[in-house]
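S.K.: I'd like to go over a predicted model; first the sequence, then the structure.
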Amino acid sequence: MTDFRQKALDYHQFPKPGKIGIELTTPAETSHDLALAYSPGVAEPVREIAENPEAVYQYTAKGNTVAVITNGTAILGLGNLGGMAAKPVMEGKSLLFKRFANIDSIDLEVKHKTVEEFVTTVANIADSFGGINLEDIKAPECFEIEKALIERCKVPVFHDDQHGTAIVTAAGMINALEIQGKELRHANIVCMGAGAAAIACMELLINCGAQRERIYMLDTKGVIHPRRNDLNEYKKLFANNTDKRTLDDVIDGADVFVGVSGPNVLSAEQVKLMAKNPVIFACSNPDPEIKPEIALAARDDVIIATGRSDYPNQVNNVLCFPFIFRGALDVRARTINDEMKVACVHAIREIAKEPVPDEVLSASGDKQLSFGKDYIIPKPMDPRLCHRVAKAVALTAVESGVAALSLPEKYQD
């Protein structure tokens, strides 16, 4: 682990500090080039944009640029460490945007005293970008921030910790239940955790067919139910009218366990209490709610997914966020709506059912992969994701009326 730590530090420091940079896209070698790039040539697109604000997409990089924005209050699994500590993570998101969807991205770390200050700061600069990706902001403030920014901004705003996690979870969950011979609408679901990711996951599962009354959400005080007087407005949406109070109570007969909480909170004995052919998503990183080897030792009919790359069925946001933005940017969507998120879910999950290209096997180090208990969701390196997911998102944006452009020719196949 010490060796890995040093490798990670060296990766971020050499050959020069950081993971992203800026490159020129046009010639800048001669005096004539510079005259076009800056003065006096730059005045011409300035006049065009002043006359027609939409021309900004024609003459600048706005349409292919996303801002990755945080306040550093919920960094990965490390907590509230501040904006500068969050900067390596935000640069990492920018790297992933470029690597997987050829989207240019700038990271911004915001210092503020109130939610309103954060919202005002971001809203005031939002027009500089084609989209806003919010990241690593603690709950419940993240809900208020995203909601306010969606209302105030003319470009799509997407909190990846909520919706990226939810989309990938839903895609894998529907596939896992299908393999287990079950349907989402009939599944009894236990959700351990009640933060941003948990609430978004459950809301999206409901949009995909899950029944709210079959969901049992737990926080640090146990099952969320209507008789508790300590619930915020977001937890109240999942207050189940039940007499069950503990994880032991609700896990008995459950079809699904979704963990977005902390390590080792689900025991082998509790896994044994679940219904036949259960599905477990233990997504806490780096240590899951239960290790796959423990769950599989408890019973052999379980399908388990984690957030880790060293186990099968990794729930990884990179399967979603670059491509949902790619599709949204390509049709100049003004928002990322629920219909686009559901389209993203189904585009991702359908890829897992198809033969896996050799290049994916090589990149993932697997000798073979086929749709089943150990392969319920595509690998992040799958080149089909960008076109297929972005196309589904772009098409749905057009059909749902939130796109300014028609479907690009590259998607009309």
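M.R.: Structure received.

S.K.: domain ranges for the chain?
M.R.: 2-25+61-155, 163-306 (automatic domain parsing).

S.K.: For D374, find the nearest of those domains.
M.R.: domain 163-306 (8.4 Å; C-beta to C-beta). Backbone N, C-alpha and C define where each C-beta goes, glycine included.

S.K.: related to what we said a few turns ago, what's the most buried one of the domains of the chain?
M.R.: Highest mean neighbour count of those: domain 163-306, a mean of 20 (counted as mean count of other C-beta atoms under 10 Å).

S.K.: Can you name the residues that contact D104?
M.R.: Shown in contact with D104 (C-beta atoms under 8 Å, 6 or more residues apart in numbering): 61, 64-66, 97-98.

S.K.: wait, A268
M.R.: 290, 294-295, 297-298.

S.K.: Same question for Y216.
M.R.: By C-beta under 8 Å, 6+ apart, the contact list for Y216 reads 188-191, 223, 240, 242, 244, 250, 254.

S.K.: at 7 Å instead, please
M.R.: 190-191, 223, 240, 242, 244, 250 (C-beta atoms under 7 Å, 6 or more residues apart in numbering).

S.K.: Out of these, the closest to I174 would be?
M.R.: Of these, the one sitting nearest to I174 (C-beta to C-beta) turns out to be C191, at 15.9 Å.

S.K.: Relative to K410, how far out is the closest one?
M.R.: Here the criterion is C-beta to C-beta, to the nearest Å. By it, C191 lies 38 Å from K410.

S.K.: Now, the contacts of A268 that are in helices?
M.R.: Using DSSP state H, the members of these that fall within helices are 294-295, 297-298.

S.K.: Can I get these in CSV including pLDDT?
M.R.: Shown next, in CSV, are these (pLDDT from 0 to 100):
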residue, pLDDT
I294, 97
A295, 98
A297, 98
A298, 98
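
S.K.: ranges for the strands of the stretch 251-400 of the chain?
M.R.: Ranges of strands in the stretch 251-400 of the chain, per DSSP state E, counting those that start in this stretch, are 256-259, 279-282, 303-306.

S.K.: which residues touch the residue positioned nearest the centre of the chain?
M.R.: The centroid of the chain falls nearest to G164 when counting by C-alpha atoms, centre = their mean (1.7 Å). Each residue near G164 by C-beta under 7 Å, 6+ apart is listed here: 317, 320-321.

S.K.: which residues of the protein score low on pLDDT?
M.R.: Where the chain drops to pLDDT under 70, the residues are 1.

S.K.: switch the cut-off to 80
M.R.: 1-2, 77, 413 (pLDDT under 80).

S.K.: Skip the chain neighbours and tell me the closest residue to A392.
M.R.: Among residues not flanking A392 along the chain, A347 sits closest, at 3.8 Å (C-beta to C-beta, 6 or more residues apart in numbering).

S.K.: So that neighbour versus C320, what's the distance?
M.R.: 10 Å.

S.K.: now G92
M.R.: Note on G92: its distance to C320, by C-beta to C-beta, is 16 Å.

S.K.: Please verify my assumption that K19 contacts E91.
M.R.: Yes - using C-beta atoms under 7 Å, K19 is in contact with E91, at 4.5 Å.

S.K.: thinking again about what came up before, switch the domains of the chain over to TSV, and while doing so, append distance to E48 to every line.
M.R.: Shown next, in TSV, are these (distance: least, C-beta to C-beta, whole Å):
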stretch	distance to E48
domain 2-25+61-155	14
domain 163-306	35
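
S.K.: Tell me which residues touch the residue lying closest to A67 once chain neighbours are set aside, please.
M.R.: Spatial nearest neighbour of A67, chain neighbours left out: F129 (4.5 Å); criterion: C-beta to C-beta, 6+ apart. Contact partners of F129, counting by C-beta under 7 Å, 6+ apart, are 62, 65-67, 155.

S.K.: count of residues packed around the residue nearest to A392?
M.R.: If you count neighbours by other C-beta atoms under 10 Å, A347 ends up with 26.

S.K.: That one and V66, how far apart?
M.R.: Where V66 is concerned, A347 sits at a distance of 20 Å (C-beta to C-beta).

S.K.: go on, P263?
M.R.: Separation of P263 from V66 (C-beta to C-beta): 32 Å.

S.K.: quick one, helices of the stretch 1-150 of the chain?
M.R.: Assigned by DSSP state H, counting those that start in this stretch, the stretch 1-150 of the chain shows helices spanning 2-13, 31-37, 43-51, 56-59, 83-101, 115-125, 141-152.

S.K.: Buried residues, the shortest one. List them.
M.R.: By that I understand helix 56-59. Judged by neighbour count (16 or more other C-beta atoms under 10 Å), helix 56-59 contains these buried residues: 56-57.

S.K.: With the third one instead?
M.R.: Burial within helix 43-51, assessed by neighbour count using 16+ other C-beta under 10 Å, is assigned to I49.

S.K.: With just CA atoms, put that helix into PDB.
M.R.: Listed in PDB are the C-alpha atoms of helix 43-51, where the atom choice follows Å, rounded to 0.1, in the frame of the first residue of the first chain:
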ATOM      1  CA  ALA A  43     -13.400  41.700 -32.900                       C
ATOM      2  CA  GLU A  44     -15.400  39.900 -35.700                       C
ATOM      3  CA  PRO A  45     -16.800  37.000 -33.600                       C
ATOM      4  CA  VAL A  46     -17.300  39.500 -30.700                       C
ATOM      5  CA  ARG A  47     -19.600  41.500 -33.000                       C
ATOM      6  CA  GLU A  48     -21.400  38.400 -34.200                       C
ATOM      7  CA  ILE A  49     -22.100  37.100 -30.700                       C
ATOM      8  CA  ALA A  50     -23.200  40.600 -29.500                       C
ATOM      9  CA  GLU A  51     -25.800  40.600 -32.300                       C
END
